[in-house]
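> could you look at this predicted model? Sequence included:
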Amino acid sequence: MGWLFKTPSDDATESTLRAIHMANTLDNAYERTWGWVKAVVFSFISALSVSAFEYHNDWSFWEHTVNWLADKVLGWFQ
């Protein structure tokens, strides 16, 4: 007999629940890992794409976003 159900006929139910729990745990770990892998890969691809675009053009993503925002915020306090 198991720890959850106290009659011999409930052993099948307990083992089924244990199997479902194990499958759910494995699925959660797989989804988390796959999510992080996708985030890292797509971030790397995005960085390379922006870098390649800036290398072949005079347009700078950094100057048009971050520097513009910094100048805007500093302008509010001056």
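Received it, and whenever you're ready, just let me know what you need. Please read these numbers as outputs of a predicted model, since none were measured by experiment.

> angles on the backbone of residue 63, please.
phi -70, psi -30 (degrees, to the nearest 10).

> so how many other residues sit close to residue 60?
Residue neighbour count, defined by other C-beta atoms under 10 Å, stands at 13 for residue 60. From N, CA and C alone the C-beta is placed, and that goes for glycine too.

> any idea how far residue 77 is from residue 36?
Distance, residue 77 to residue 36, using C-beta to C-beta, to the nearest Å: 38 Å.

> which one's more surrounded, these two?
A count of neighbours by other C-beta under 10 Å puts residue 36 above the other of residue 77 and residue 36, at 10 against 5.

> now the more buried one: which helix or strand?
helix 11-56 (DSSP states H and E).

> what about that helix, distance to the chain center?
Remark: helix 11-56 is offset 7 Å from the chain centroid, using C-alpha atoms, centre = their mean, to the nearest Å.

> how about stretch 53-60?
That offset, for stretch 53-60, works out to 29 Å (C-alpha atoms, centre = their mean).

> now stretch 39-49: mean pLDDT?
Averaged across stretch 39-49, the pLDDT comes to 93.

> give me the residues contacting it.
With contacts defined as C-beta atoms under 8 Å, 6 or more residues apart in numbering, stretch 39-49 is touched by no residue outside it.

> neighbours around residue 34, how many?
Around residue 34 there are 10 residues (other C-beta under 10 Å).

> need the pLDDT of it.
At residue 34, pLDDT is 92.

> pLDDT wise, what is residue 11 at?
67.

> any idea how far residue 68 is from residue 43?
Distance of residue 43 to residue 68, computed by C-beta to C-beta: 22 Å.

> same check, this time on residue 12
In terms of C-beta to C-beta, residue 12 sits 66 Å off from residue 68.

> tell me the spacing between residue 30 and residue 17.
To residue 17, residue 30 is 20 Å away according to C-beta to C-beta.

> so between the two, which is more surrounded?
The neighbour count for residue 30 versus residue 17, taken as other C-beta under 10 Å, is higher for residue 17 (13 against 10).

> show the pLDDT at the more buried one.
pLDDT recorded at residue 17 is 83.

> what sits against the closest residue to residue 50 other than its chain neighbours?
Closest residue to residue 50 apart from its sequence neighbours, by C-beta to C-beta, 6 or more residues apart in numbering: residue 61 at 5.3 Å. Residues in contact with residue 61 (C-beta under 8 Å, 6+ apart) are 50, 53-54.

> kind regards, and thank you for your time.
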